[in-house]
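>>> This is a predicted model, with the sequence first.
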Amino acid sequence: MEQVHVVDTTLRDGEQSPEISFTPEEKLRFAQQLVRLGVDVIDAGYPALGKDDAHAVSLVAQETHGPVIMALARPEDEEIETALEALKKAEKSRVHIYIPVSDIQLKYMLNIAQEEALKKATDAIEYVREKDIEVEFTLEDAFRADRGFLSEMAQAVTQGGTHYINLSDTVGVAIPSRIGQVFSWLKGELGDKAPILSIHCHDDLGMATANSVAAIEAGARQFHATISGVGTRAGNAALEEVVMILKLWEDELGLSIGINTQELYRTVRILTAMTGVMIQPHKAIIGKAAFVHKAESHLMAVVKEKRTFEIVKPEDVGYPRSPMVLSKYSGRLSFEDKLRELGYSLDPDHLEMAYQRFRDLVEKKREIYDEDVVAMVEEVLSKRPGALILQDFSISSGLEQEPIAHVTLIQEGTLKESSSQGSGPIDAAFKAIDEITGFKGRLLNYSIRALTEGKDALGEVVLWARIKGEEVVGRGVATDIVEASIKAYLDGVNKVLKGEE
Ligand code: KIV
Ligand code: ZN
């Protein structure tokens, strides 16, 4: 069977989603889960964007073993050099060069004519081929491009020696039949010398998954996607959807993929815990309701034969059949077993911190679910040296009383405290933190949800704030929602502090 390669771009295109940002350490932890998932290529980022992005790509490149690590660059020598530098320590690496090919993007984004774009692409490919590294060339907005120019560009980069040509539906405008035609036609244009063709779809019309599959049916042997479809605007093709379609239709299509599908649910859970991104309940493959049967007639049929209403078995995507896991009767061994089952291998210090956090939690919460464990561990792993940590807080508020908060933080052994009034308890607590830091944060967005069922559930707060002119996302979890809010705000503050180091 022919193999279809999977490029996960959660760490690069996924991060362009307004609600997502990864620290370099989070990128590395997520990349390590992508290794367990079995992706072929990790699109780790765009090093020329800045020193944080370059550092994140080099960290992933150095510490991740198995998949090819890919870095993005425009067809400019400096950007290519920055990408190569970031990839230097990778076991297997690929530089990914992109250029728009539609007239509208050439004119309004780059303000250049087709001839100049062609020259940029050929110069870049010549430059990079001297470096003896694998190259992928993306033709952006390919499905709104003039066919003659698309062919000319594809032929030029093929002659230059690119290993992959990736056609991007950058604005998510294409439909499956048109995608299929373009791939079949381009294969004909490039003939025997064609590099491996790849597809990258956006979901502006809700077509990204269907379009990716259409491209594969018409000859693409690689696709780009993100976990749960996160990405710029309406997002990218959802990796788990394309993967499960290919798995289900494997024999008919005669194509295989190397993904360990049982890691899909866990990968989503880690993404959610790391970024706070919400997954809609009815989301295909990984939504909470995706395997729940409510209608009596469906239930009766499923009891007799699961395939009546289950085209994908929950266990095939790693969906937990019995969600309850630990309690106060669970000791260290069961906790460590659970961590292993969830794919974590922690160093002794983090393990101890996570275990203590677990012991604290069982005092407040009767049943500890996988979601709780993942949330606690992600919180422990996100702690950085030098960060401000919540030591204590007290709030008083009531119908007739202006809320007042007293917050005590600790930073490298030094206690810092302050009190403030506010329009609500959370506002008061955030103001007290602002007094300690001296930064005036502005809250842009705030959301809260219960991670699991039950009145004692962990509350997860995800917020966006502008602090010292920087927009940051903060996340915090606790059974007390004011505590979760304070932790989320501190998470944002700490990211700003880290950026100043
Ligand atoms: O959407 C797009 O065109 C991209 C390319 C850089 C692959 O993300
Ligand atoms: Zn994209």
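The structure has been received and is ready for your questions. Residues are numbered from 1 along each chain as shown. Ligands and ions are numbered 1, 2, ... in the order given.
>>> Flag the shaky bits of the stretch 201-350 of the chain, pLDDT-wise.
Applying pLDDT under 70 to the stretch 201-350 of the chain flags the ranges 321-324.
>>> which parts of it sit against ligand 1?
The stretch 201-350 of the chain has residues residue 202 near ligand 1, with proximity defined as Cβ under 6 Å from any ligand atom. Placement of C-beta: from N, CA and C, glycine included.
>>> Would you pull up the residue in the stretch 201-350 of the chain closest to ligand 1?
Closest residue of the stretch 201-350 of the chain to ligand 1, Cβ to the nearest ligand atom: residue 202 (5.8 Å).
>>> who's in contact with that residue?
Applying Cβ atoms under 8 Å, 6 or more residues apart in numbering, we find residue 202 in contact with 169, 170, 171, 172, 208, 231, 232, 233, 234, 235, 236, 237.
>>> The fifth one against residue 172, yeah?
Just to be clear, that refers to residue 208. Yes. If you go by Cβ atoms under 8 Å, residue 208 and residue 172 touch, sitting 6.3 Å apart.
>>> okay, these two: which has more neighbours?
Higher neighbour count among residue 208 and residue 172: residue 208, with 30 against 22, using other Cβ atoms under 10 Å.
>>> coming back round to it: would you mind giving the secondary structure of the nearest residue to the residue of the stretch 201-350 of the chain closest to ligand 1 once chain neighbours are set aside?
In space, and not counting its chain neighbours, residue 202 is closest to residue 172: 3.6 Å by Cβ to Cβ, 6 or more residues apart in numbering. Classification of residue 172 using DSSP: H, G, I helix; E, B strand; the rest coil returns coil.
>>> Look up how far ligand 1 lies from residue 172.
Counting by Cβ to the nearest ligand atom, to the nearest Å, the gap from residue 172 to ligand 1 is 9 Å.
>>> If I look at that residue, what pLDDT would I see?
In this prediction, residue 172 carries a pLDDT score of 98.
>>> Check the one 5 residues further on too.
Reported pLDDT at residue 177 in the predicted model: 98.
>>> tell me the contacts of it?
Applying Cβ under 8 Å, 6+ apart, the residues near residue 177 are residue 214.
>>> Next: residue 434.
Contacts of residue 434 (Cβ under 8 Å, 6+ apart): 420, 440, 441.
>>> Then residue 308?
Counting by Cβ under 8 Å, 6+ apart, residue 308 has contacts 298, 301, 302.
>>> Can you add neighbour count and secondary structure and give these back as TSV?
Below are these laid out as TSV (neighbours: other Cβ atoms under 10 Å; DSSP: H, G, I helix; E, B strand; the rest coil):
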residue	neighbour count	secondary structure
298	14	helix
301	15	helix
302	16	helix
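>>> Quick one: the residues you listed as CSV, columns for distance to residue 331 too.
As requested, those are exported to CSV (distance: Cβ to Cβ, whole Å):
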residue, distance to residue 331
298, 40
301, 42
302, 36
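>>> Report the beta-bridge partners for the residue of the stretch 201-350 of the chain closest to ligand 1.
With DSSP bridges as the criterion, residue 202 is bridged to residue 236.
>>> And residue 97, by the same measure?
Listed by DSSP bridges, the beta-bridge partners for residue 97 are residue 73, residue 137.
>>> hey, C-alpha coordinates of stretch 213-233 in CSV?
Only the C-alpha atoms of stretch 213-233 are listed here, as CSV (Å, rounded to 0.1, in the frame of the first residue of the first chain):
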residue,chain,number,x,y,z
VAL,A,213,-9.3,13.9,1.3
ALA,A,214,-10.1,14.9,-2.3
ALA,A,215,-6.5,15.9,-2.8
ILE,A,216,-5.3,12.6,-1.5
GLU,A,217,-7.7,10.7,-3.7
ALA,A,218,-6.3,12.7,-6.7
GLY,A,219,-2.7,11.9,-5.9
ALA,A,220,-1.4,14.0,-2.9
ARG,A,221,0.7,11.8,-0.7
GLN,A,222,1.1,14.2,2.2
PHE,A,223,-1.4,16.5,4.0
HIS,A,224,-1.0,19.2,6.6
ALA,A,225,-3.4,19.4,9.5
THR,A,226,-3.8,20.5,13.1
ILE,A,227,-5.1,18.8,16.2
SER,A,228,-8.9,19.6,16.4
GLY,A,229,-8.5,22.0,13.5
VAL,A,230,-7.1,24.9,15.4
GLY,A,231,-5.6,27.6,13.2
THR,A,232,-5.9,31.0,11.8
ARG,A,233,-9.4,32.4,11.2
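>>> For the stretch 251-400 of the chain, which segments count as helices?
Taking DSSP state H, counting those that start in this stretch as the test, the helices found in the stretch 251-400 of the chain are 264-275, 296-304, 332-341, 348-364, 370-381.
>>> For my notes, please list those in CSV and give distance to residue 7 for each entry.
CSV is the format used below for these (distance: least, Cβ to Cβ, whole Å):
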stretch, distance to residue 7
helix 264-275, 15
helix 296-304, 35
helix 332-341, 28
helix 348-364, 30
helix 370-381, 25
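>>> what's the burial count for residue 173?
Residues near residue 173, counting by other Cβ under 10 Å, number 16.
>>> wait, what's in contact with it?
Residues near residue 173 by Cβ under 8 Å, 6+ apart: 143, 144, 204, 205.
>>> Show me what secondary structure element comes after the helix or strand encompassing residue 477.
Per DSSP states H and E, residue 477 falls inside strand 470-478. Counting by DSSP H and E, the next helix or strand C-terminal to strand 470-478 is helix 481-500.
>>> orientation of that next one relative to strand 470-478 in degrees?
Put simply, helix 481-500 runs at 140 degrees to strand 470-478, going by axes from the mean of the first three to the mean of the last three Cα atoms, to 10 degrees.
>>> Would you mind checking the average pLDDT for helix 481-500?
Averaged over helix 481-500, pLDDT sits at 90.
>>> Tabulate the CA atom coordinates of it in PDB.
Taking C-alpha atoms only, helix 481-500 is exported to PDB below (Å, rounded to 0.1, in the frame of the first residue of the first chain):
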ATOM      1  CA  ILE A 481     -12.900  29.700  40.800                       C
ATOM      2  CA  VAL A 482     -11.300  32.900  42.300                       C
ATOM      3  CA  GLU A 483      -8.100  30.900  42.900                       C
ATOM      4  CA  ALA A 484      -8.300  29.600  39.300                       C
ATOM      5  CA  SER A 485      -8.800  33.200  38.100                       C
ATOM      6  CA  ILE A 486      -5.800  34.500  40.100                       C
ATOM      7  CA  LYS A 487      -3.600  31.600  38.800                       C
ATOM      8  CA  ALA A 488      -4.700  32.400  35.200                       C
ATOM      9  CA  TYR A 489      -3.900  36.000  35.600                       C
ATOM     10  CA  LEU A 490      -0.500  35.200  37.100                       C
ATOM     11  CA  ASP A 491       0.200  32.800  34.300                       C
ATOM     12  CA  GLY A 492      -0.200  35.800  31.900                       C
ATOM     13  CA  VAL A 493       1.900  38.100  34.100                       C
ATOM     14  CA  ASN A 494       4.700  35.400  34.300                       C
ATOM     15  CA  LYS A 495       4.800  35.100  30.500                       C
ATOM     16  CA  VAL A 496       5.400  38.900  30.300                       C
ATOM     17  CA  LEU A 497       8.100  38.600  33.000                       C
ATOM     18  CA  LYS A 498       9.700  35.700  31.200                       C
ATOM     19  CA  GLY A 499       9.800  37.700  27.900                       C
ATOM     20  CA  GLU A 500      11.700  40.500  29.700                       C
END
